[in-house]
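Asks: below are the sequence and a predicted model; questions follow.
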Amino acid sequence: MMQKKQDLTKVFVIRKDIEEEFKAVIGNRIGSQIEVEYVYQELTDLPEGFTVPEGRKKPWGTGQAVLACKDVVEEPFVIINADDYYGKEAFVKLHDFLVNGKQEGEVLNMAMAGFVLKNTVSENGAVTRGICTVDDDDMLTDVLETSGIAIGADGTVVCDREEVRSWITPDVHVSMNMWAAYPEFLNKLESGFVEFLKDDSGDPLKKEYLIPIIVDGLLKQNKATVKVLETQDKWIGITYKEDIRQSCGIDFEKIKEKMTKHQGENRRCGKSQNLILTWCFFSYVDNGTKSVRFLSSSGILQKFRNPHGCKSETKRAEKEKGMTFWQSLYIIEEASAR
């Protein structure tokens, strides 16, 4: 019996040139359970009067990616990276913020998932994080991009940014690019993109219109407030190949065994099958009357142009607070010889 689709729309922001590949690997599987919409981030999608600088190859960053959604998103929304695992608590808190609040006046009302630094670091090397400063009301005041972060066995944090060394601890809040906003934010993105393109500073072939920088600018101009909602969830991304092992309880060896058995020993990837975690998708359905969309900017397939043997492990999790959760883990074999 065909399962009824749930009352949720997932908006994927992708490049047109990976559409066929993306739908085959990810979109068609998820589309059997929830409504899916696609919008396309294109290098040439520019405001009137602007042209692509000669020699530029890549689109204009996460700000442009979210702006591509302006014609399909009319409700409160959450922005996430498509290839990061954020955990459940962060989604619940951002959902509650949006459905219990509203946008009033010209100052944007926003929220950010405040992950705890120690829950986002890698055991396999230093990382870069947006270290947050927060006031007594849990409002974001600044995000300090900091590289070379590592936590020693004694709990001491080292980093490359001198101005934060004296006070950074394993428990400081960090931004992992998970934001909640109302549709009015898209209007600010649109006007801000024009100003970004007018600005002659920076390399026109490489500069990017990025959400964290945009939000920081709005904060400093008193055009937005951002509530930091602390989450104790463990964030998982793949900074190093070995980070796959930090898998929130997912048994990668068992999955690898199942895939090997399924595919046999004579597949193209042959003897050295390395599994690469390329996608963690976490979404929920509000079973009430209000809805929240999730926008994910998908850069996954840029890294794996010709994925082979895609396998998904999907499980339906418990209902909580009137929401239904899915967690879908997509794994791709990395061919040993390309």
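Replies: On my side now, so go ahead.
Asks: who touches stretch 125-145?
Replies: 112, 114, 117, 120-121, 146-150, 161, 163-164, 168, 172-177, 212, 215-216, 219, 225-230, 239-240 (C-beta atoms under 8 Å, 6 or more residues apart in numbering). (C-beta placed from N, C-alpha, C; glycine too.)
Asks: oh, I was asking about stretch 100-113
Replies: With C-beta under 8 Å, 6+ apart, stretch 100-113 has contacts from 86, 90, 93-94, 97-98, 132, 140, 175-176, 178-185, 188, 215, 218, 222-229, 231.
Asks: so which of those belong to strands?
Replies: 132, 140, 175-176, 178-181, 224-229, 231 (DSSP state E).
Asks: buried members of the contacts of stretch 100-113 into ChimeraX, please.
Replies: In ChimeraX syntax, the buried subset of these is picked out as below (16 or more other C-beta atoms under 10 Å):
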select :86,90,93,94,97,98,132,140,175,176,178,179,180,181,182,184,185,188,215,218,224,226,227,228,229,231
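Asks: next, count neighbours for residue 75.
Replies: 13 (other C-beta atoms under 10 Å).
Asks: that one: what secondary structure?
Replies: coil (DSSP: H, G, I helix; E, B strand; the rest coil).
Asks: let me know whether it touches residue 183 as I believe.
Replies: Yes. Residue 75 is within contact range of residue 183, at 7.0 Å (criterion: C-beta atoms under 8 Å).
Asks: how about low-confidence regions in the stretch 1-150 of the chain?
Replies: The stretch 1-150 of the chain contains residues with pLDDT under 70 at 1-9.
Asks: which residues of it fall in helices?
Replies: 19-22, 28-30, 62-67, 88-100 (DSSP state H, counting those that start in this stretch).
Asks: so which elements touch the shortest one?
Replies: Applying 3 or more C-beta pairs under 8 Å, 6 or more residues apart in numbering; DSSP states H and E, one finds that helix 28-30 makes contact with no other helix or strand.
Asks: flag every buried residue along that helix.
Replies: Buried, per 16+ other C-beta under 10 Å, within helix 28-30: 29, 30.
Asks: just stretch 13-32 next, same as before
Replies: 13-15, 18, 21-23, 25-27, 29-31.
Asks: most widely separated two among those?
Replies: 15 and 29 (19.5 Å; C-beta to C-beta).
Asks: check the burial of the nearest residue to residue 185 once chain neighbours are set aside by counting its neighbours.
Replies: Leaving aside its chain neighbours, residue 185 sits nearest to residue 108 (5.7 Å; criterion: C-beta to C-beta, 6 or more residues apart in numbering). Neighbours of residue 108 under the rule other C-beta under 10 Å: 19.
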